[in-house]
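Engineer: output the structure for:
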Amino acid sequence: MPLNSLIRKWRMRTQRRRLIRQDLKAFAEIDPDLYSDIGLFPQNFHEQAERSADRRLRMCCAH
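Structural biologist: Model (predicted):
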């Protein structure tokens, strides 16, 4: 595998992890009373953060 594609893959994984951490931090700051109103469920936080990160990466890299 060429070095450029390895670097690109590594950057995408790193950026994805960073986005997941940002979302998890943001979820922690939300008042628990509002979770159901906005469709968040504590048992699925990580899964929801992963989906959000994937969606944002697709949007930024689609150009």
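
Engineer: roughly how far apart are Arg55 and Leu6?
Structural biologist: Between Arg55 and Leu6 the computed distance is 24 Å (C-beta to C-beta, to the nearest Å). C-beta: built from backbone N, CA, C; applies to glycine.

Engineer: now do the nearest residue to Asp54 once chain neighbours are set aside: how many residues are near it, please.
Structural biologist: Sequence neighbours aside, Arg16 is the residue nearest to Asp54 in space, at 7.2 Å (criterion: C-beta to C-beta, 6 or more residues apart in numbering). When neighbours are defined as other C-beta atoms under 10 Å, Arg16 has 15 of them.

Engineer: contacts for the least confident helix or strand in the chain by mean pLDDT?
Structural biologist: Least confident element among the helices and strands of the chain, by mean pLDDT, DSSP states H and E: helix 35-38 (a mean of 81). For helix 35-38, contacts defined as C-beta atoms under 8 Å, 6 or more residues apart in numbering pick out 30, 41-42.

Engineer: now those in JSON lines, with neighbour count and secondary structure?
Structural biologist: Output for the contacts of helix 35-38, formatted as JSON lines (neighbours: other C-beta atoms under 10 Å; DSSP: H, G, I helix; E, B strand; the rest coil):
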{"residue": "Ile30", "neighbour count": "12", "secondary structure": "coil"}
{"residue": "Phe41", "neighbour count": "10", "secondary structure": "coil"}
{"residue": "Pro42", "neighbour count": "10", "secondary structure": "helix"}
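
Engineer: can you redo those as JSON lines with distance to Cys61 and pLDDT?
Structural biologist: Output for the contacts of helix 35-38, formatted as JSON lines (distance: C-beta to C-beta, whole Å; pLDDT from 0 to 100):
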{"residue": "Ile30", "distance to Cys61": "27", "pLDDT": "84"}
{"residue": "Phe41", "distance to Cys61": "28", "pLDDT": "79"}
{"residue": "Pro42", "distance to Cys61": "30", "pLDDT": "79"}
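
Engineer: got the buried residues for the host helix or strand of the residue nearest to Asp54?
Structural biologist: Counting by DSSP states H and E, the element that carries Arg16 is helix 3-29. Using 16 or more other C-beta atoms under 10 Å as the burial criterion, the residues of helix 3-29 that qualify are 19-20, 23, 27.
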